[in-house]
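Chemist: Return atomic coordinates for the entry below.
(2 chains)
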Number of protein chains: 2
Amino acid sequence: MLRTHTCGELRLTDAGKRVILAGWVDRIRDLGGVTFIMLRDRYGQTQIVVPQGLSIPIRREAVIKVEGIVKERPKENVNKELETGEIEVFAEKIEVLSSPTKELPFYPNEEPLPAEEVRLKYRYIDLRRKEMMEKLLLRHAVTLSVRNYLSKHGFVEVETPFLTKSTPEGARDFLVPCRLKPGTFYALPQSPQLFKQILMVSGLDRYFQIVRCFRDEDLRADRQPEFTQIDIEMSFVTREDVLEVVEGMLKHVFKEVLKVDLPEKFDRLSYDECMNFYGSDKPDRRIGMKFVDLTNIFLKSELQFLQTILSSNGVVKGFVVNGFAHNMSRKLADQLEEIAKTKGLGGILWFSFEGNKVARGSLLKHLENEYNLVVKELNMKEQDVCIMCAGQLSLVNEALGEVRKTIGDLYFSHLKKGFDIFWVLDFPMFEWNEEEKRFVAQHHPFTMPNLEDLEKYADKDLSKIRAQSYDIVINGFEVGSGSIRIHDAELQKKVFQLMRLSEDEIKLKFGFLLEAFQYGTPPHGGIALGLDRLVAIMCGASSIRDVIAFPKTSSGTCLLTGAPDVVSEKQLKELKIKIVGGD
Amino acid sequence: MLRTHTCGELRLTDAGKRVILAGWVDRIRDLGGVTFIMLRDRYGQTQIVVPQGLSIPIRREAVIKVEGIVKERPKENVNKELETGEIEVFAEKIEVLSSPTKELPFYPNEEPLPAEEVRLKYRYIDLRRKEMMEKLLLRHAVTLSVRNYLSKHGFVEVETPFLTKSTPEGARDFLVPCRLKPGTFYALPQSPQLFKQILMVSGLDRYFQIVRCFRDEDLRADRQPEFTQIDIEMSFVTREDVLEVVEGMLKHVFKEVLKVDLPEKFDRLSYDECMNFYGSDKPDRRIGMKFVDLTNIFLKSELQFLQTILSSNGVVKGFVVNGFAHNMSRKLADQLEEIAKTKGLGGILWFSFEGNKVARGSLLKHLENEYNLVVKELNMKEQDVCIMCAGQLSLVNEALGEVRKTIGDLYFSHLKKGFDIFWVLDFPMFEWNEEEKRFVAQHHPFTMPNLEDLEKYADKDLSKIRAQSYDIVINGFEVGSGSIRIHDAELQKKVFQLMRLSEDEIKLKFGFLLEAFQYGTPPHGGIALGLDRLVAIMCGASSIRDVIAFPKTSSGTCLLTGAPDVVSEKQLKELKIKIVGGD
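Modeler: Next comes the predicted model:
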């Protein structure tokens, strides 16, 4: 090695040693002819003292090699913020290994940070920041921890193909033209779903893979065209077994990497409970504000619109925001009202409890009685605010969910500490796709439906059929999603038919899976967790871009390399494809 | 779980226990009304005894669940080949979880195997074979062992992008049309080379990744369009440091996974030595047959063609094949002669030593004297054969190398046991590309040349410049290849110029790397090892297809899924590309 020690390694006990360090020049100070260089590498920083005679021109961010003697710092100069802060190295020889030939677009140790586009273009400078480097290290620690935990529990990591077949049920595929068979294409996998099920048919029993997946979607704010998932599949299991493995794995990883204890058992909410309590299938429960059904209180209200709603099976639900009265301006009330209207309701009902009485609020004149009952029912305290909606249950849930989330994001970020982790179970199997005018799988079409539901509702109302599926939610993000799978070719065909896929489509897209199912298939199930999101949550990053070494912008561009880019005519000719212009 | 134990778990100490097993029906035998089922899963096999009353129709390869009591087998029925062979399970309840609906195309426990195409199409049945499953398990053990070793030594696994920029220096890229920017393309990476160097510029210090790579080449027998490599890069290192890490890693992995001790230090041969001794840069040394220079012996030969060769700086070299006389037929001699001719030589010289004298051979009348001297010089024994070539050194080396390999493959497979592992160093930096009429990088253009050579030969003869590169060879396969990299933008530009890349090309393809090099770059180097080949060698597989779960045929087809395939007009329209027919 060109060094004897790293920049984070030397301690007082090393005083007197001759050492060689190498790293980046983080800062330079001149003090009466003596130069102090703070030398930086991934492991830390060490102060280098350069005596007058040795001084050579050195730029910040140059890479240098320093040979010298470790000395104890004078007591008054000890830097308690550095692990190497008790020593400094007196340089006897300095070699510049690589000097910047121009000013850097920004410096890793300087605030404020430039715009994200600049950070992405010069990603190698951005990654020099301690904060960013630590995120990469954490990500590595997480994947290693996952791999060791799963391996210890009998799971085998198997690599599945990236050049595979297009199966357009789901998102849009990225396609790869095949030169050897012009006119045909590989597709990059949206997930290894079919392959992991095939591996169960082959008796692998316990599979996992930390694997890149690809979706050609119109990119939303925090989406990437390529992302990484922890993919798991197990044979001879019930839902309980899958949940247990994932709980064990996450508890292990959080403990090993963050020294954080997750709950012994994770909470479980059904999809219906989740919607009823929080109006979302991935609520962040750390901000509280659980919904309560208040229909009974409003049954006798004189207001016509309430009577209409309640007489047609409608509900009134609401939640309390503690100590929120001073925030509940007219303007905010209007904003929340707008949210409820966007969700198809008339608006919100709200009131504050100030000076030990119902103070301000909507329709106060007409609803004061009811509001007083609500205060009692919900045990409201001074300065609390209650926000309610009236209407059909599902709309009320959705509207209140959105209102709750808005308030949480705007005013209660300080409550978002620690980890709120739980399961959501019993999702609906199907959801209506308005564009295609048919039911599609809510999770994916290989999910095992609740068989009793299937029997009862297959001919009547597909929306009532629950799936044997589960999501893991952390801090308001769906971090993982899985299900027990169908392992019977006939049942799988039936589900495809309920989704109105034609025989031809089924055969074309999933023929090989159905064929495989005919040769002895174990009951199986699994899950996939989003690694980017999991790591982002673990290190408190606001965007998954911060935990991906080389992310793309929301238009799918890599600002570092300039991908995607035009290619040569020769390349297109070889692939026998042509670009067709215009819109 | 749907089982209490796996099929490989029960022992005599479990006798008396009530258990539930689940697995595949490997074999069924009926003996006087009692049915014996051999139940199989990934972990082993257990014999199930089904009493007469319980018998239900069960097909081979059905998946069943059995509840019953563990009993000691009668002494005479103990099966010593099974780990569970001392017990059997007396079934009290049997449930068929999934029965084959038709005859399987082949059975995993039946010889002979069908053709490889059938095995690939029904890969899930092929993988049920113990031999295949064990290869997947070994591969997992290897990757886990590599990851833990490298992590323990400070290496950080970082995921680099798969949707990246086309850099056509090297093999052909797979392209991915970008829908959001019609007319542009991502490329799948041939290796993460540029990204790992960028990570060094960012100060990551020690990087690794087990990563899929892609090359759109005309597939040779044992190549795959996607393959996996163990990718490593380190900062502040010399060649010695990289070799040390790789030796440590491979020793650890072979020991942990195979219980095999590799040599404490791996042999090192220069490229020139390798060619001079074995006529190959990746020889299998286990078959011996090292070349010896015999020029001196032939200097005074009366034969005109030898005089011509030797007077123009030619050489005579040869090697001994021990005990080979009875194999050295006229036919084989002709075959070897043909090989030498293909390599541009006149043929081979050979003779056998039988009955304690030079017996049969080419030009025996004219060369008997010389052959007798060779016998002495090479200390030949009864039945040995000596094979020689005469000509210019590099051609002689190549021809003998090919002859040696042919003999080794045909007659000395039995010597190919254990592991022959060594380094090849000091490769030439450039090689002439006849098609493009220019020198190209032998390893890749980021390789650090030997700086003394560069100074001496840059203006004269590029072929004389050695590179700071290295290959690791195991059992005749180049398993890994790496180099110390250029870390200076100016030197990198100079190398590009020697390869006659224009300013524009350089900027277009590598601009971002050259830019990065301007902001403080550490000296760095690394290596990439082919995981598929490494695992194949470790488990003695003849093809890398056997250690890839879902490999492609040599025409790039996945027989299981049918990829690549045609796609819909809608998909092509969205990508704004069109297929252009004909050749």
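Chemist: give me the number of residues near the residue of the stretch 201-350 of chain A found nearest chain B?
Modeler: Using C-beta to the nearest C-beta, the closest approach of the stretch 201-350 of chain A to chain B is made by A:S202 at 3.6 Å. (Glycine included, C-beta is placed from N, CA and C.) Other residues near A:S202 number 26, with proximity taken as other C-beta atoms under 10 Å in any protein chain shown.
Chemist: Then A:E247?
Modeler: 18.
Chemist: How many residues are close by the nearest residue to it once chain neighbours are set aside?
Modeler: Excluding the flanking residues, the one nearest A:E247 by C-beta to C-beta, 6 or more residues apart in numbering or on different chains is A:F266, at 5.5 Å. Counted with other C-beta under 10 Å, the neighbours of A:F266 add up to 17.
Chemist: Is stretch A:192-199 in proximity to chain B?
Modeler: Yes - applying C-beta under 8 Å from any C-beta of the partner chain, one finds stretch A:192-199 touching chain B at A:L194, A:F195, A:I198, A:L199.
Chemist: Can you mark which positions in the longest helix anywhere in chain A are buried?
Modeler: Using DSSP state H, we find that the single longest helix of chain A is helix A:130-152. Across helix A:130-152, burial judged by 16 or more other C-beta atoms under 10 Å in any protein chain shown covers A:132-133, A:135-151.
Chemist: Residue numbers of the stretch 201-350 of chain A in contact with chain B?
Modeler: Residues of the stretch 201-350 of chain A lying close to chain B by C-beta under 8 Å from any C-beta are A:201-205, A:212, A:214, A:216, A:218-219, A:225-226, A:228, A:236-238, A:241.
Chemist: Just give me the neighbour total for A:E452.
Modeler: If you count neighbours by other C-beta under 10 Å, A:E452 ends up with 10.
Chemist: That should have said A:K265, apologies.
Modeler: 11.
Chemist: three-state assignment of it?
Modeler: Using DSSP: H, G, I helix; E, B strand; the rest coil, the structure places A:K265 in coil.
Chemist: Go ahead and confirm it touches A:E247.
Modeler: Yes - using C-beta atoms under 8 Å, A:K265 and A:E247 qualify as a contacting pair, with a distance of 7.1 Å.
Chemist: Report the contact partners of the nearest residue to A:L163 once chain neighbours are set aside.
Modeler: Nearest non-adjacent residue to A:L163, counting by C-beta to C-beta, 6+ apart: A:Y186, 4.0 Å away. Neighbouring residues of A:Y186 by C-beta atoms under 8 Å, 6 or more residues apart in numbering or on different chains: A:L163, A:T164, A:K165, A:S166, A:L175, A:V176, A:C178, B:F174, B:A563, B:P564.
Chemist: As JSON lines, the residues you listed with pLDDT, neighbour count and distance to A:T557 would be great.
Modeler: Formatted as JSON lines, the contacts of A:Y186 follow (pLDDT from 0 to 100; neighbours: other C-beta atoms under 10 Å in any protein chain shown; distance: C-beta to C-beta, whole Å):
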{"residue": "A:L163", "pLDDT": "98", "neighbour count": "24", "distance to A:T557": "23"}
{"residue": "A:T164", "pLDDT": "96", "neighbour count": "27", "distance to A:T557": "25"}
{"residue": "A:K165", "pLDDT": "91", "neighbour count": "22", "distance to A:T557": "28"}
{"residue": "A:S166", "pLDDT": "78", "neighbour count": "26", "distance to A:T557": "24"}
{"residue": "A:L175", "pLDDT": "96", "neighbour count": "24", "distance to A:T557": "19"}
{"residue": "A:V176", "pLDDT": "97", "neighbour count": "29", "distance to A:T557": "19"}
{"residue": "A:C178", "pLDDT": "96", "neighbour count": "23", "distance to A:T557": "26"}
{"residue": "B:F174", "pLDDT": "97", "neighbour count": "26", "distance to A:T557": "19"}
{"residue": "B:A563", "pLDDT": "95", "neighbour count": "23", "distance to A:T557": "28"}
{"residue": "B:P564", "pLDDT": "96", "neighbour count": "28", "distance to A:T557": "27"}
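Chemist: quick one: which of those is nearest B:P428?
Modeler: Minimum separation from B:P428 among the contacts of A:Y186 (C-beta to C-beta) is found for B:F174, which lies at 29.1 Å.
Chemist: Quick check: closest non-adjacent residue to the closest one.
Modeler: Leaving aside its sequence neighbours, B:F174 sits nearest to B:L188 (C-beta to C-beta, 6+ apart; 4.2 Å).
Chemist: gap between the two ends of stretch A:342-349?
Modeler: 15 Å (C-alpha to C-alpha, to the nearest Å).
Chemist: Over to stretch A:28-48?
Modeler: Taking C-alpha to C-alpha, stretch A:28-48 runs 10 Å from one end to the other.
Chemist: Distance from it to the middle of the chain?
Modeler: 39 Å (C-alpha atoms, centre = their mean, to the nearest Å).
Chemist: Same question for stretch A:387-400.
Modeler: Distance of stretch A:387-400 from its chain centroid, counting by C-alpha atoms, centre = their mean, is 27 Å.
Chemist: In PDB, could you pull the C-alpha coordinates for it?
Modeler: Provided in PDB are the C-alpha atoms of stretch A:387-400 (Å, rounded to 0.1, in the frame of the first residue of the first chain):
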ATOM      1  CA  ILE A 387     -61.600  17.700  12.000                       C
ATOM      2  CA  MET A 388     -64.400  15.600  10.500                       C
ATOM      3  CA  CYS A 389     -65.900  14.600   7.200                       C
ATOM      4  CA  ALA A 390     -69.400  13.300   6.300                       C
ATOM      5  CA  GLY A 391     -70.200  11.000   3.400                       C
ATOM      6  CA  GLN A 392     -69.900   7.500   2.200                       C
ATOM      7  CA  LEU A 393     -67.400   5.500   4.300                       C
ATOM      8  CA  SER A 394     -64.700   4.900   1.700                       C
ATOM      9  CA  LEU A 395     -64.700   8.500   0.500                       C
ATOM     10  CA  VAL A 396     -64.700   9.800   4.100                       C
ATOM     11  CA  ASN A 397     -61.700   7.600   4.900                       C
ATOM     12  CA  GLU A 398     -59.800   8.700   1.800                       C
ATOM     13  CA  ALA A 399     -60.500  12.400   2.400                       C
ATOM     14  CA  LEU A 400     -59.700  12.300   6.100                       C
END
